[in-house]
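K.L.:
Generate coordinates for the sequence data below:
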Amino acid sequence: MHGTCNLSNKDGGFVLSDEKTDSICADGVFIEIKKLGANSRRIRSKIGIEAGLDTVWNILTDYEKLADLIPGLAVSRVVEKKDKFARLFQIGQQNLPLGFKFHAKGVIDCYEKDEEILPNGKKREIQFKMVEGDFTNFEGTWLIEQFDKGKREEESQTTLWYLVDVKPKMWLPVRLVESRLSKEIKLNLSCIREEAKRVITAFTSL
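P.N.:
Predicted coordinates:
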């Protein structure tokens, strides 16, 4: 679906601009794809989650468990861990049209930012960048926003954003993986939402 709604970051928030993009919205997941160049894309996606920021943060930063939660992530291994920093080795697998399988592997640096207090809530983010691997450029942000200040963790709601700029190496045209990548992002966000739901259900049943 073509539209004129583009999300851009301004002073820590997201505003609309009039640049043409492709947008997909299904099952509570919004995905927006913007063409940056001949073989690069900017992807913005978000999902609402009925859990607090801390619950979602703990899921995202349990890096080695991510491969158990996300179907397209075959391997997620921590190779270095410091305060607010993690270097990961990850292998992703995606099915492409015509029966092909695409395996992408890389070393990704993750920078865990401090929690920021907002007038009516709080937010926290992880900035990531592939420093070695199968993409010329792969960098972005996981952003968690919670806007129901004062509620207990199990009563809170958050918005989880996944923002990434992608440029595959020249042998793999980005248009070949664009559709599949959108489906994988939708599935990944949905899996994180379901894991947060499982954690909250387990907590409230104690």
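K.L.:
which ones are touching the closest residue to Arg193 other than its chain neighbours?
P.N.:
Spatial nearest neighbour of Arg193, excluding adjacent residues (Cβ to Cβ, 6 or more residues apart in numbering): Ile49 at 4.9 Å. All C-beta atoms are positioned from the backbone trio N, CA, C, and that covers glycine. Contacts for Ile49 were tallied using Cβ atoms under 8 Å, 6 or more residues apart in numbering; they are Val56, Gln157, Thr158, Thr159, Leu160, Ile192, Arg193, Ala196, Lys197.
K.L.:
Most neighbours among those, which one?
P.N.:
Thr158 (28 neighbours; other Cβ atoms under 10 Å).
K.L.:
Which pLDDT value goes with the residue nearest the centre of the chain?
P.N.:
Nearest to the mean C-alpha position of the chain, by Cα atoms, centre = their mean, lies Tyr162 at 3.0 Å. We note a pLDDT of 97 for Tyr162 in this prediction.
K.L.:
now do Leu176
P.N.:
68.
K.L.:
Count the neighbours of Lys84 for me.
P.N.:
When neighbours are counted by other Cβ under 10 Å, Lys84 comes out with 12.
K.L.:
Next, it: phi, psi?
P.N.:
Main-chain dihedrals, Lys84, degrees, to the nearest 10: phi 60, psi 20.
K.L.:
Wait, it touches Lys113, no?
P.N.:
Yes: with contact defined as Cβ atoms under 8 Å, Lys84 reaches Lys113; the gap is 7.5 Å.
K.L.:
in the chain, which spans are helices?
P.N.:
Ranges of helices within the chain are 53-60, 66-69, 174-204, based on DSSP state H.
K.L.:
remind me which residues of this structure are low pLDDT?
P.N.:
Within the chain, the stretches with pLDDT under 70 are 1-22, 24, 94-102, 149-150, 171-173, 176-177.
K.L.:
Apply 50 and report the result again.
P.N.:
1-20 (pLDDT under 50).
K.L.:
could you pull out the strands for it?
P.N.:
Here the chain has its strands, by DSSP state E, at 2-3, 6-10, 13-17, 21-26, 29-37, 40-49, 73-82, 85-95, 101-112, 116-118, 121-133, 135-146, 158-168.
K.L.:
got the contact list for the spatially closest residue to Phe85 that is not a sequence neighbour?
P.N.:
Distances taken as Cβ to Cβ, 6+ apart place Tyr111 nearest to Phe85, at 5.9 Å, with adjacent residues excluded. Taking Cβ under 8 Å, 6+ apart, we find Tyr111 in contact with Lys84, Phe85, Ile126, Gln127, Phe128.
K.L.:
can you redo these as JSON lines with distance to Ala74?
P.N.:
Putting the contacts of Tyr111 into JSON lines (distance: Cβ to Cβ, whole Å) gives the following:
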{"residue": "Lys84", "distance to Ala74": "27"}
{"residue": "Phe85", "distance to Ala74": "24"}
{"residue": "Ile126", "distance to Ala74": "21"}
{"residue": "Gln127", "distance to Ala74": "23"}
{"residue": "Phe128", "distance to Ala74": "18"}
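K.L.:
Count the residues that sit near the residue nearest to Cys191 when sequence neighbours are not counted.
P.N.:
In this structure, Cys191 finds its nearest non-sequential neighbour in Leu69, 5.2 Å apart by Cβ to Cβ, 6+ apart. Per other Cβ under 10 Å, the neighbour tally for Leu69 reads 17.
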